[in-house]
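Q: With the input below, show me the fold.
(one chain, ligands or ions: 1)
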Amino acid sequence: MQTLTLVLSFVLGISSITAQPADLSSMKTCKRGTDDYASCMRLAFQENWPTLVKGMPEIDLPPLDPYELDVMATDYQFGEVTGKIVVRNVKTYGMSKTRFLSIRPSYEENRYRLDIDMEIPKMFVEGDFKSDGTVGSFNVIGKGQFNISMEDISGTMTLEGEVINDRWVLDRYNFMPEVGNMKVWASDLFNGNKELTEAALKFANEYWQILYRGMLPHAAKTWNAYMKNLCNRILSHISFSKIFP
Ligand SMILES: *[C@@H]1O[C@H](CO)[C@@H](O)[C@H](O)[C@H]1NC(C)=O
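A: Alright, predicted model coming up:
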């Protein structure tokens with residue numbers, strides 16, 4: 001009986017802790033309608049970022065550097081080559097060095113929108129993958145480990161949505177970054193054929209810009225949908241009027 005009470009009070013204790021609204025009082029915020037609202041927001045993002053990057057379990061915000069992804073699937077197509085790729089156990093490093101260049105906030109009635117110009121000097125992504133594609137009538141299967149290093153990642157991230165019951169609910173998330181330099185590696189891209197894998201990697205590293213541009217529309221669609229969900233889960237814990245007063 002005593003054990004039961006102990007277990008119960010432990011469980012209830014934990015749940016009452018997690019049920020509390022997250023304490024975001026240390027976050028720098030900016031007041032809407034002020035003259036320097038946009039520049040204040042840029043500074044606020046930059047100053048709050050180191051805290052956010054560490055993650056906040058109480059608002060479902062995972063650590064961002066490295067950011068860990070269990071699984072993601074996306075289609076691709078460049079000319080004759082079409083297929084599907086699934087990545088697993090992916091770790092992404094580098095987000096802590098994000099620089100916020102400028103922020104353009106806009107709002108009317110119950111809608112709120114942020115356009116965030118940002119750049120990340122270096123990123124490194126590694127994980128497992130499985131690809132299944134066709135080149136003409138030829139079937140190509142690859143699987144194993146991969147890694148990608150990127151430099152000078154930059155772009156505008158757009159967050160937009162309705163404020164409902166003091167919660168910001170995004171109906172739009174968009175980020176299609178430009179990349180200054182990229183290097184890819186994968187253990188096997190061609191049914192276990194080392195020479196073809198090496199040739200494909202050499203090709204990919206030479207023509208990465210074209211490949212990236214070909215891959216981006218599909219990858220960004222998957223990525224943006226994933227990020228919208230992630231952001232909405234986090235935002236559902238946050239009082240809009242406290243964080244965006
Ligand atoms: C990617 O992995 C390969 C094989 O393990 C390794 O040789 C290479 O150095 C890695 N790339 C980076 C940038 O660490």
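Q: buried sites along the strand ranked longest in the chain?
A: For the chain, the longest strand by residue count, based on DSSP state E, is strand 138-164. Neighbour-count burial for strand 138-164 flags 140, 142-143, 146, 148-150, 153, 155-161, 163 (criterion: 16 or more other Cβ atoms under 10 Å). In this view, the C-beta of every residue, glycine as well, is placed from N, C-alpha and C.
Q: ok, now stretch 69-86?
A: For stretch 69-86, by 16+ other Cβ under 10 Å, it's L69, T74, Y76, G83, I85.
Q: Can you name the two of the residues you listed that sit furthest apart?
A: L69 and G83 (19.8 Å; Cβ to Cβ).
Q: Can you tell me how far the residue in the chain that the ligand sits nearest to is from P62?
A: Proximity to the ligand, evaluated over the chain using Cβ to the nearest ligand atom, is greatest for N147 at 3.7 Å. According to Cβ to Cβ, to the nearest Å, N147 stands 21 Å off from P62.
Q: Quick check: residues of this structure near the ligand?
A: When proximity is defined as Cβ under 6 Å from any ligand atom, the chain approaches the ligand at N147, S149, W185.
Q: Need the per-residue pLDDT for the first one.
A: pLDDT, N147: 96.
Q: now do the last one
A: Looking at W185, its pLDDT stands at 96.
Q: Looking at the buried residues of stretch 69-86, which are in strands?
A: Per DSSP E, the subset of these in strands is L69, T74, Y76, G83, I85.
Q: so the first one touches V90, yeah?
A: It refers to L69. Yes. L69 is within contact range of V90, at 4.2 Å (criterion: Cβ atoms under 8 Å).
Q: Spatially, what comes nearest to P177 if we skip its sequence neighbours?
A: G155 (3.7 Å; Cβ to Cβ, 6 or more residues apart in numbering).
Q: Tell me which residues touch that neighbour, please.
A: With contact set as Cβ atoms under 8 Å, 6 or more residues apart in numbering, G155 has these partners: D117, M118, E119, F175, M176, P177, E178.
Q: could you redo the last one with a cut-off of 7 Å?
A: F175, M176, P177, E178 (Cβ atoms under 7 Å, 6 or more residues apart in numbering).
Q: where does the second one land in three-state SS?
A: Counting by DSSP: H, G, I helix; E, B strand; the rest coil, the backbone at M176 sits in coil.
Q: What is the neighbour count of it?
A: Residues lying near M176 (other Cβ atoms under 10 Å) number 15.
Q: isn't it right up against L216?
A: Yes. With contact defined as Cβ atoms under 7 Å, M176 reaches L216; the gap is 6.0 Å.
Q: Now do the helices in the chain.
A: 2-19, 37-53, 194-206, 208-235, 240-243 (DSSP state H).
Q: Can you lay out those helices as TSV showing distance to D132 and mean neighbour count?
A: Listed next are the helices of the chain as TSV, based on distance: least, Cβ to Cβ, whole Å; neighbours: other Cβ atoms under 10 Å:
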stretch	distance to D132	mean neighbour count
helix 2-19	40	9
helix 37-53	35	17
helix 194-206	15	13
helix 208-235	15	15
helix 240-243	43	15
